Each structure stands twice: as structure tokens, then as C-alpha cells.
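Student: Just the structure for this:
(3 chains)
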Amino acid sequence: MIKQKATAGTLESSDIFVEIAPAEAGAGISLDLTSVVYQQFGPEIEAVIYDTLKELGVADAALTVKDRGAVDCTIRARIETAVCRGKGEE
Amino acid sequence: MRRSMLFLPGNSPNILLNADFLGSDAIILDLEDAVAPTEKDSARILVRNAITSLGYTREVIVRINPVESPYWQKDLQQIIKVKPDMIMPTKVSCAQDVKIVSDYIGQMEEEYGIPAGTVKMIPLIETALGVENAYEIASADPRVTAIFLGGEDFTADLRCKRTKGGNEIFYARSRMVVAARAAGVDVYDTPWTDVEDYEGLVEDAKFAKSLGFTGKSSISPRHIPFINEVFSPTEEEIQYAKDVFECIEKAKAEGKGVVSLRGKMIDAPIVARARQVLEAAEAIKGGR
Amino acid sequence: MSKLVSNIKEAIKLTGLKDGMTISFHHHLRNGDMVAVMVLDAICELGIKDLNVNISSVFDTHAPFIEYIRDGVVTGIETDYMGGVVGRAVSEGIMNKPVTFRTHGGRPSDIIRGASPIDVAFIAAPTSDCMGNCTGKTGKSACGSLGYAFADAMYASKTVVITDNLVEYPLVDYSIAENYVDYVVAVEKIGEPSGIVSGTTKITKDPVGLVIADYAARAIDASGLLVDGFSFQTGAGGASLAAAKYLKDIMLKKNVKGSYGLGGITSYMVDMLQCGCFKALYDVQCFDLGAVESIRTNPYHMEVTAAHYASPTAKSSAVDSLDVVILGATEIDTDFNVNVHTDSNGYIMGGSGGHSDTAAGAKMSMIVAPLSRARLPIVVDKVLCKSTPGNTVDVLVTQRGLAVNPLRNDLKDRFKDAGLPVYDIHELKEMAEKLNGVPHKPQLGDKVVANVLYRDGSLLDQIRAVK
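Tutor: Numbers count the residues shown, from 1 in each chain, chains lettered A, B, ... in the order given. Prediction:
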């Protein structure tokens, strides 16, 4: 469960900035994604974000994501950090 | 072959992406000083993912936070499962400091089904007490395969100024080398901190090599080629080593017991040294 | 007689400027230039429209162009380089007529041979006397060389010098001579000094850039060209400058006495001159205060005109004698064609400048670039815009290693002998794609927004609108 608003990552090149906020149970995931490489990697980035959330057991959350050309393992890391912070685990 | 080690900040995606291409024999992914307290969580997750996904070919060392900090166990919880080659614990001052970290690494190895003792350690010695206890640290645990001198914190602890000449760390360097060799482990020298002074770097690295250091660490990729060159065997050394073995072969064929080369008897230490030189030369062939 | 006119509007009237004509500007004041917009303001007030603007480079400070394009005051642009702000508007299709891109050598070549006539040239001059003898070396808006302005001044039907430092006749050490100048206007300010030249140009601290620079310098060392008489040009980008610095170390260590440094000049090149790495600098454009100071005081640091620098139709130009040039790229394809006009989404954000001129002239042209930027591999199957043809590009240098054009196997052997990591360019592409994934091609529209001319005036490529 995402209990609180949290952020992770930066706006530096090759990084990705993630903001996560709680959502009502059953609301699902809402994702507002902007990316400097949207034309080249848009669907892939979305898939990795959804996949990471699923792995972490997050079903309901509102995400605002600003991508600066992060590779998959960076996207996963920043999503995980934001989720941990949102769950209040850190 | 580990001549050079490059410190890299653990929370920078672009640096982690390129860590393998910066020329050093080992990369030290730093979770300690290079990461702000508020970003310790994100850095350890990022470094964990980088090790899993980026297929590093260099030796991977992760520098964790000191045992008196609230971070070091969480660091190991994330990092051990992706099997870095080595963990660099910081501010190690006695054998007990090594033991605590080693035991926890052992727990993590067990939890993740990794054979016990897979992950090695290179304790960072950077206090007066640590230097005094260098031998007990170096021989504290079978995981310890090398020790490392951190000159900046060490001189702060001595309450003296860190200088380019390095007289203030001369004793510590020598003591570290003796302790490491006595314990049968490798020993690495502190970085040269003036990024633009290459002549000073080369002098400093040559001096460290002359004392017996295995290699040297760096904070700048620009320093790496210089360090690699200093700690690689020279053409002359390689030729001499080849001559030694040629001479032994020849003596064998002629049935001679005592062998001499250039008027000097070839004894066991000379053969051992020659073998090290040729192994080193082979390991770095064609490398940067 | 007096050429002094009280203001720009009066000068424009005197030149007889009319709808549909071509006016020109130079870009020596770079992002600090106020003159081009000042002149367009006056033109607009006079109600003149449908103008073709030939400007050697468009910077972000020229953002008001966008309004003048919308209003029909400016209907054509010819340039060698266009920054991201105006470039974005052009890419989005704001102009009816495609922009014409030339090279720094092609522009004076076309002006001189009459392929691109200019009706009125407006020359921003940091110092001028009342008859139009002018220079960039002195004055509060000093920019150093005025190399790109010579062809304009000499071949335009009318030439107007605009200065903010009017001095007594005769100006000593002038660049452009009075015999080409019709009118002189003194204004309060021609430029913003902070945008004209940087205080200092700094080399990169980025570790990836340093590794690239190290490989580039070692490749030059291994090329066989680094001998007495060596000539060299490098860009002002971080890795290019770092490479120049490492090259200097090698030249001093090996005691190589070079002949000349060329191009846009930074204080790093000045430093190499002062250390004896070169006999002289040929300077078409100063990038920082160190370069301006040097061109003013050191007779071996010489101003060259754009035609002397790089014109393909001149009897000879300095690029023809160049040994090595270090250049950048936003993309390079597996045939070594280089894009410096657009970003990876197809938006205009640059231009040839001297890129294809020096690549054609130099014995070895090197592209320095990271293997990928923000997830986008530098090596692609086909560049979005061919700025410089692949048969003039010899080497790509990345942090992973070098790729050598198959036309230059001689270089490949030399690099390998020197222990440098040499790969096939396809291998570098695969390495980048392994780390980043394979990018989808950006979708571009059908409308042609720019024609890219090669240095000889032929059509090299066309840039399409973004969707």
C-alpha cells in the first residue's frame, strides 16, 4: 500500500524522476509519463514501470514520471525506491 | 590482475552505465561518502540493479557505510544477493570490525543460497588505530584478500596535514605493506587527489610500488592509464623473467644443478618473482 | 564626404532596401548579438517585408525572428547553423520556404561566385571609424576575429557597418576596409558581452568525456600525422577541448613543432601556440576572452576570412592543408555519415558550420562522441540528416573504443599497433543497443523545412518537419 506521497531519482541525463501518490483501493495505476526519448522508447518505458509495480505488489497508485533517458535497470531502481518511500519503509 | 581501482559514485545512473569502460581493473561503486544520507536507499537499489543488469567485466567492489552508521546492514541486504566480487567496509580499526561485517555477509550468502565465502573483503583502513592493527585486520578473516589505505581520513585522525610529498603517511604505508604481506594478502594505496597533476601522480604511484603496494586507487579515470602503467611490469622486467626460465630450462637440459644468470645465482625468490612478472604480463596483454 | 548616418532606419532607407530583397548578418557576437534583431525592428517599422535573411549562424538570442517570420517580414533564411529555439519553430513548419543550410566554406563560396547574392549587408563591428574601417579586436563588445563578415562586406550591393565604439579615423589594425563600406551607424550597444564570448572555456570533468579525449589524443599520436609541421583544428565541446589538452601534453613530451591551429579558437589553442606547439593560429572565430586577447596582441594569431578558412572554390583554403580535425556529432550511421543538424527527434538544433569543410579537407577527421546519450545510441543505421558525407569521415572515437572507416584501413592498422581498442562500427552500435535497447525511429512529417547544401552547393539532404 502506498501510504504517502514520495519521490525518487533526479532530472539529470540518463536518470528518471518518479513521483508516487496513494490512490483508493481499486483505482488501479494512473501513469503520467513524459520522456525525452518517448518517440524511441515510449511503450518499453511504460511496460517496465507497470511490470516493476506489479512485482512490488502495488495495485493502486498515481505516478508522475519524468524520464531523461534512463535504461531499464535505472527505471526499475527509481520506481522501487519511490514505492519503498511511499510505503514508509525507509 | 588488479593494478588500479576507480571510485565511482553509487547514485549516478550515467556513471554506473559507463563504469566498465573507464579503464580501471576494478571499479569501486561507492555507497558511502559519495552518497548523501537522504539517498542511501536509492543508491543501494541502483547499484544492485546495475550489477545485475549491466554485465560488468571489471572486478566489482562495493564500498559500504561504516558499522557505526545505520546503513551498513541495509547496504549488504541489497548488495550481497547480486554477488559483487568484494565488499569494502569503511573505517575498519580492528579485527572485530571485520568479523561483524563478514558474519553479516555470511548470513546474506546463506539467505540467498550463495556458497559461503564467495564475496571477499577489502577493508578500508583509515584511522590511526586501524593502521596500528593492520596485521590483525589483514588476517582476521578468510574473506579478507586485500587491505586498503585511506590517506585523507587517516591524516585527519593523526591531526596532521595531507601533503603531496606524503611524508605524513610514509609510516602507515610501510606498515600496511608489511602487515598485508605477512598476512598473505594484497595491499592498495590511497588515491592521488590532485586530478590535474599527472607528474605528481606518477611519482606517487612509483613510490607506492617501490614500497610493495599491489596497486593504487583513483578518483579520476584520467589517472587510470598512468597507474596501470606504473603497476605493470616493464619490458625489461618481462625480458629478465623470460631469461630466468630459459636459463633454468637450459640448465635442466645440460643436467646442471646450480643455475646462474648474468653472474647471479637463480634462487627460489627470483623464480617466484619472475613467475609473477610473466603472469602479470599475460593478464594485461593488449589491455589499456 | 561622410558615411555616418544618425540611425539604422535612415541607413536602411539610404540603401534602398525593398520588399523581397536579401539582407545579411554575421554571427561573431554569437548569443550576445543584438544587431540582427535591431535591424529587423527598424525594417518592420519601415513596413518592408518578404525579406530573405542570410546570416552565418542563428542563435537563441535571435528568437524574435520567429515573430518576424509569422508576420511575413522574414520569409527566407539562409544559414550555416541554427540553434534550438528558432530551429524548433522551423522544424514545426513555421516557414513556407525551406531554410537553406550551407557550410562555413560554402557560404562565402556561394556569395563570391554569385550563387547567393546579398542586397544589403549589416556588419556588427565592435570598433569602427567614421569611414567604416572596422575590427572585432577592440571595443566593449570585442569578439576577436570578424572572419565570417568579409564576403558579406565585399560582395553585398550595399554595406552598412553598425558599431558601438566609433573611433577617430584612421582605425589602425582594421579587419574590413572602408572601400567596401557604404554607411556607418553608431548605436548604444551592439551586443551583450556575456553572450559574445565566454570568460573561460572549460574542459569537461565528465569521466566518460575524459576517456574519449584520451583515446582521441592517443589516436592522433598513433596516426603518423603528429610530426613537425602538424596542423590541427578542434571544436569547443568538452571532450574536444580535453583531447586538445592531452594532445598538447603529447606534443610537448615528444617535442613536436606543429605549423598551424585552425578554426574557432579557444584559450586552449592559444595555450598551445604559446607553448610552441604551433607556429601560428588561423582564427575565423574567437570563443573566449583568452582568444580575443591573443588575436589582439599576438601577431602569430591571425584573423582569416571564411573563404580563406574553408571555401571549396577558393584557389586554396586553410582546410586543404589540415592534418587532423576533431568534430562532434548527434548521430553517425554505419556508413559514417554524420548528423549535426537535428537532434534524435528530428528537431533542428545545429548545422554544419565548418564540419563538412574540415572533414573534407583534413587528412584525418575524427568524430568524438559518447556511445550513447540519454539512452540514444550514437551509431544508427541511417542518420536523420546527412550533414557530412561518410566518405570524408575517418574515425569515430567513443569511450568503448574506436571505429575506423573501411576506406582508411591504413589508420586502423596504426591504431591497433598502438594498442587502441578498434571495433567495426556495427559492433559499437550493437554494444550501445545492448545497454540501451533498440530505439524506434521517430515519426517525421512530409513537409521539407530545410535544404542542406554541401560545400560545393549541391543538395546533400532535406530536413522534414516533425509531426
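
Student: Show the contacting residues for B:Tyr171.
Tutor: Counting by Cβ atoms under 8 Å, 6 or more residues apart in numbering or on different chains, B:Tyr171 makes contact with B:Val131. Any C-beta I mention is one placed from the backbone N, CA and C, and that applies to glycine too.

Student: Check the secondary structure at it for me.
Tutor: Secondary structure for B:Tyr171, judged by DSSP: H, G, I helix; E, B strand; the rest coil, is helix.

Student: where's it relative to B:Cys94, distance?
Tutor: Using Cβ to Cβ, to the nearest Å, we find B:Tyr171 at a distance of 19 Å from B:Cys94.

Student: Distance check, the residue nearest the centre of chain C against C:Ile66.
Tutor: With distances taken as Cα atoms, centre = their mean, C:Gly353 lies nearest the centre of chain C, 3.2 Å away. C:Gly353 is 22 Å from C:Ile66, where distance means Cβ to Cβ.

Student: which residues of the chain score low on pLDDT?
Tutor: Here I'm looking at chain A. Along chain A, the model assigns pLDDT under 70 to residues A:90.

Student: not quite, I wanted chain B
Tutor: Scanning chain B for pLDDT under 70 picks out B:285-288.

Student: where do the strands sit along it?
Tutor: Counting by DSSP state E, chain B has strands at residues B:4-9, B:26-30, B:59-63, B:86-88, B:120-121, B:124-125, B:146-149, B:186-189, B:215-218, B:260-261, B:264-265.

Student: Buried deepest among the ones you listed, which one?
Tutor: strand B:124-125 (a mean of 29; mean count of other Cβ atoms under 10 Å in any protein chain shown).

Student: on contacts alone, who are the packing partners of that strand?
Tutor: Here strand B:124-125 touches strand B:146-149, going by 3 or more Cβ pairs under 8 Å, 6 or more residues apart in numbering or on different chains; DSSP states H and E.

Student: which residues are in contact with the strand it packs on?
Tutor: B:2, B:86, B:88, B:120, B:122-126, B:131, B:134, B:137-138, B:169, B:172-173, B:176, B:179-180, B:185-190, B:214, B:217.

Student: Please identify the nearest residue in space to A:Glu19, excluding sequence neighbours.
Tutor: A:Thr64 (4.4 Å; Cβ to Cβ, 6 or more residues apart in numbering or on different chains).

Student: So that neighbour versus C:Tyr180, what's the distance?
Tutor: From A:Thr64 across to C:Tyr180, the span is 58 Å (Cβ to Cβ).

Student: And these two? Which one has more around it.
Tutor: Set A:Thr64 next to C:Tyr180 and count neighbours by other Cβ atoms under 10 Å in any protein chain shown: C:Tyr180 wins out with 19 against 15.

Student: Report the secondary structure element holding the nearest residue to the more buried one once chain neighbours are set aside.
Tutor: In this structure, C:Tyr180 finds its nearest non-sequential neighbour in C:Ala153, 4.5 Å apart by Cβ to Cβ, 6+ apart. Under the criterion of DSSP states H and E, C:Ala153 resides in helix C:150-155.

Student: From the chain's centroid, how far away is that helix?
Tutor: 18 Å (Cα atoms, centre = their mean, to the nearest Å).

Student: Quickly note the distance from the spatially most central residue of chain A to A:Glu55.
Tutor: Closest residue to the average C-alpha location of chain A: A:Ile79 at 4.1 Å, with Cα atoms, centre = their mean. Relative to A:Glu55, A:Ile79 is positioned 9 Å away (Cβ to Cβ).

Student: before we move on, what about B:Ala134?
Tutor: In terms of Cβ to Cβ, B:Ala134 sits 44 Å off from A:Glu55.

Student: If you count surrounding residues, which of those two has more?
Tutor: More crowded of B:Ala134 and A:Glu55, by other Cβ under 10 Å: B:Ala134, with 24 against 12.

Student: That one and B:Ser174, how far apart?
Tutor: Taking Cβ to Cβ as the measure, B:Ala134 falls 10 Å from B:Ser174.

Student: Output the below-cut-off pLDDT ranges for chain C.
Tutor: In chain C, residues with pLDDT under 70: C:199-201, C:203.

Student: of all the residues in it, which ones are close to chain B?
Tutor: C:207-208, C:210-211, C:214, C:249, C:370-371, C:399-400, C:419, C:421, C:435 (Cβ under 8 Å from any Cβ of the partner chain).

Student: Buried subset of these, written for ChimeraX?
Tutor: To isolate the buried ones among the residues of chain C next to chain B in ChimeraX, judged by 16 or more other Cβ atoms under 10 Å in any protein chain shown, type:
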select /C:207,208,210,211,214,370,371,399,400,435
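
Student: restrict the residues of chain C next to chain B to those near chain A?
Tutor: Near chain A, taking Cβ under 8 Å from any Cβ as the test, the members of the residues of chain C next to chain B found are C:Leu435.

Student: does the helix or strand harbouring A:Gln39 come close to chain B?
Tutor: Element membership of A:Gln39 [criterion: DSSP H and E] is helix A:38-55. No: Helix A:38-55 lies apart from chain B when judged by Cβ under 8 Å from any Cβ; the minimum separation is 10.3 Å.

Student: Next, the buried residues of that helix.
Tutor: Applying a neighbour-count criterion of 16+ other Cβ under 10 Å, one finds A:38-41, A:44-45, A:48-49, A:52-53 buried in helix A:38-55.

Student: Identify, from the residues you listed, the entry nearest to chain B.
Tutor: Comparing those against chain B with Cβ to the nearest Cβ places A:Thr52 closest, at 10.3 Å.

Student: For the stretch 201-350 of chain C, which segments count as helices?
Tutor: Under the criterion DSSP state H, counting those that start in this stretch, the stretch 201-350 of chain C contains helices at C:207-222, C:238-254, C:267-274, C:289-297, C:306-310.

Student: wait, what's in contact with the residue of the stretch 251-400 of chain C found nearest chain B?
Tutor: Residue of the stretch 251-400 of chain C nearest chain B, by Cβ to the nearest Cβ: C:Gln399 (4.6 Å). With contact set as Cβ under 8 Å, 6+ apart, C:Gln399 has these partners: B:18, B:21-22, C:208, C:211-212, C:215, C:370-371.

Student: Just the closest of those residues to chain A, please.
Tutor: B:Asn18 (9.3 Å).

Student: How about that closest one, nearest residue that isn't a chain neighbour?
Tutor: Distances taken as Cβ to Cβ, 6+ apart place C:Val208 nearest to B:Asn18, at 4.9 Å, with adjacent residues excluded.

Student: from what I can see the one you found touches C:Pro370, true?
Tutor: Yes: if you go by Cβ atoms under 8 Å, C:Val208 and C:Pro370 touch, sitting 5.4 Å apart.

Student: anything in contact with each of the two?
Tutor: In contact with both C:Val208 and C:Pro370: B:18, C:399, using Cβ under 8 Å, 6+ apart.

Student: And the residue nearest the centre of chain B, how far from C:Arg400?
Tutor: Centroid-nearest residue in chain B: B:Tyr188, 4.5 Å away (criterion: Cα atoms, centre = their mean). Plainly put, B:Tyr188 is 26 Å away from C:Arg400 if you go by Cβ to Cβ.
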